[in-house]
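Colleague: I need the structure of the sequence given here:
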Amino acid sequence: MTAIEHQELKGITLKNLAVTIVSTASIVASVMTTYFGLKNDIQQIKSSQEMQSKINNIRIKILEDDVALLQKQVSEIKMADQQSLLLTNRRQH
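Modeller: Prediction:
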């Protein structure tokens, strides 16, 4: 170590100051890396949830269309049954 690293400024050596600065920079870099990693993970989860939501909306639309079709078919069957009953009643009278 050079002589300047052993000089003290009110109990603080330049060596201790350098270690503190390097340690602080390392901690900041670690925190920022973690932050950006988490930010990326959150964006991926959000994108995945949006995609799943779109898929669910499409599934709901398909099911709604199927229900509407089934309701129409049930109505047609009921009408056919009513017409059949009317014809049967007319024939009996």
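Colleague: Tell me how many other residues surround residue 89.
Modeller: For residue 89, the neighbour count with other Cβ atoms under 10 Å is 9. For every residue, glycine as well, the C-beta is placed using N, CA and C.
Colleague: Which element, helix or strand, includes it?
Modeller: Taking DSSP states H and E as the definition, one finds residue 89 inside helix 14-92.
Colleague: any idea how far that helix is from the chain center?
Modeller: 8 Å (Cα atoms, centre = their mean, to the nearest Å).
Colleague: Report the mean per-residue pLDDT for it.
Modeller: Across helix 14-92, the average pLDDT comes to 94.
Colleague: packing partners for that helix?
Modeller: Contact partners of helix 14-92 among helices and strands, from 3 or more Cβ pairs under 8 Å, 6 or more residues apart in numbering; DSSP states H and E: none.
Colleague: how about 10 Å then?
Modeller: Of the remaining helices and strands, those touching helix 14-92 by 3 or more Cβ pairs under 10 Å, 6 or more residues apart in numbering; DSSP states H and E are strand 8-9.
Colleague: Show the average pLDDT along the strand it packs on.
Modeller: 62.
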